[in-house]
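Engineer: sharing a sequence plus its predicted fold:
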Amino acid sequence: MRFSILTKYFDMYWEGFLATLTISIIALIASFLIGAIIAVMRITPIAPLRWIGTAYVEFFRNIPLLVIAFFFYFGTPALGLQLSGFTSGTIALTIYTSAFIGEAIRSGILSVPKGQTEAARSSGLTYLQTMRMIILPQAIKIVIPPIGNQFINLVKNSSILALIAGTELMYQADLISAKTYVVFDVYIFVALFYLVITIPLSFGVGYLEKRLATTN
């Protein structure tokens, strides 16, 4: 291992790490919120909303992330909207991940006994109030492991954005490799930077799962 590469190009590694971390945090929060909305739409009694939610999930789950990223980066200028690589990548990650999170939350909602929904509605709560205050909190507790896995996948999937983002970790690694003509060592260090994000996230999800389990 040539640690001189890490020390010499640490600024580039660090810049890429911060960009990857920023993209991941923004996409993580946004994809969770959108996923929760999509999940509620998929089980709503209003048929058009169900169709929209189902179409969203089936469409974005079954096309590659890179295609979505390319659409926002290369396709939107034709519509008169010029997005940066950072913005395009963040939107693509958000949309792609939210489809998986929405499906996970939907399965959690369906696992909550229907009697709770009926009781909440009979007590005067609206459908949205029932979902927000009664059903969704329970559903999210149930599906923390799959949602956590999607968050970890989101961080790893951000590496694809090296093709458009221009600042994230894999892009910086490509530049370093081109400068040094070294491949193995450069990308081993990249893997370590990714682990700095994913390992605490994995432990955090596990801790949250155990903590919520003790409060049930």
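Structural biologist: Yep, that arrived. Numbering: from 1, shown residues only.

Engineer: buried set for stretch 194-208?
Structural biologist: Under the neighbour-count criterion of 16 or more other C-beta atoms under 10 Å, stretch 194-208 has 194, 197-198, 201, 205 buried. For every residue, glycine as well, the C-beta is placed using N, CA and C.

Engineer: mind listing the helices for this protein?
Structural biologist: 3-8, 10-43, 47-61, 65-70, 85-111, 114-122, 127-130, 136-142, 144-157, 169-180, 184-215 (DSSP state H).

Engineer: for those, which one sits closest to residue 79?
Structural biologist: Residue 79 sits nearest to helix 85-111 of all the helices of the chain, at 12.9 Å, using C-beta to C-beta.

Engineer: sketch out the low-pLDDT regions of the protein for me.
Structural biologist: Flagging of the chain using pLDDT under 70 yields the residue ranges 165, 212-216.

Engineer: coming back round to it: wait, which of the buried residues of stretch 194-208 is closest to residue 86?
Structural biologist: Distance to residue 86 across those (C-beta to C-beta) is lowest for residue 197, with 17.1 Å.

Engineer: what's the closest non-adjacent residue to the closest one?
Structural biologist: Among residues not flanking residue 197 along the chain, residue 155 sits closest, at 5.2 Å (C-beta to C-beta, 6 or more residues apart in numbering).

Engineer: quick revisit: so which of the helices of the chain is the most packed in?
Structural biologist: Of all the helices of the chain, helix 85-111 carries the top mean neighbour count, a mean of 22, counting by mean count of other C-beta atoms under 10 Å.

Engineer: what angle sits between that helix and helix 144-157?
Structural biologist: The directions of helix 85-111 and helix 144-157 differ by 160 degrees, with axes from the mean of the first three to the mean of the last three C-alpha atoms, to 10 degrees as the criterion.

Engineer: other SSEs contacting helix 85-111?
Structural biologist: If you count contacts as 3 or more C-beta pairs under 8 Å, 6 or more residues apart in numbering; DSSP states H and E, helix 85-111 packs onto helix 10-43, helix 47-61, helix 65-70, helix 136-142, helix 144-157.

Engineer: mind putting these into a markdown table with distance to residue 93?
Structural biologist: Compiled in a markdown table, these are given as follows (distance: least, C-beta to C-beta, whole Å):
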| stretch | distance to residue 93 |
| --- | --- |
| helix 10-43 | 4 |
| helix 47-61 | 11 |
| helix 65-70 | 7 |
| helix 136-142 | 20 |
| helix 144-157 | 6 |
